[in-house]
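Student: Test case, fold it:
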Amino acid sequence: CMATLIIMLVGDTYTLINYVSFINYLCYGVTIIGLIVLRWKKPKIFRPIKVNLLIPITYLAFWAFLLIFSLYSEPVVCGVGLIIILTGVPVFFLGVYWRNKPKCVNRLIESMTCWGQKLCFVVYPQGGGAEEE
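Tutor: From the prediction side, this is the model:
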């Protein structure tokens, strides 16, 4: 979010749309690759919707063409898009992967979460008590 805010303040909106569209296409393709891998490695798990594998494979062919063409035609935009994605890696390791965090880090993460919820007017539902009327 911070990188997006900085880009919006410094650059123009069309460049930001180009960054985000590259990121979206990259994520869509990785999702489809995950679907194919799961269909191959775990064919017996429950799937509410099952499609012929020809559809995701065809989608991946077009996806690869669009991604390669984007990388060829606008490498700087694609590079900035990749950098935007990679800014989430430290956040993942700090918040999710690192299990035995010191209490001060946990308190910091909890206070940032609470601040973000207040800022965006969202609350993650807490289990337990009944709601007050």
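
Student: In space, what's closest to I23 - neighbours in sequence excluded?
Tutor: G81 (4.8 Å; C-beta to C-beta, 6 or more residues apart in numbering). Every residue, glycine included, has its C-beta placed from N, CA and C.

Student: what about that neighbour, which SS state?
Tutor: At G81 the chain is in helix, as set by DSSP: H, G, I helix; E, B strand; the rest coil.

Student: ok, how many other residues are close to it?
Tutor: Residues lying near G81 (other C-beta atoms under 10 Å) number 21.

Student: again with N18
Tutor: N18: 19 surrounding residues under other C-beta under 10 Å.

Student: follow-up on the earlier one: let me see the contact set for the residue nearest to I23.
Tutor: Taking C-beta atoms under 8 Å, 6 or more residues apart in numbering, we find G81 in contact with N18, Y19, V20, F22, I23, L26.

Student: Mind checking which of those residues are buried?
Tutor: N18, Y19, F22, I23, L26 (16 or more other C-beta atoms under 10 Å).

Student: Does the last one touch I85 like I think?
Tutor: Looking back up the chat, that one is L26. Yes: if you go by C-beta atoms under 8 Å, L26 and I85 touch, sitting 7.3 Å apart.

Student: before we move on, the earlier item: which members of the buried ones among the contacts of G81 occur in helices, if any?
Tutor: N18, Y19, F22, I23, L26 (DSSP state H).
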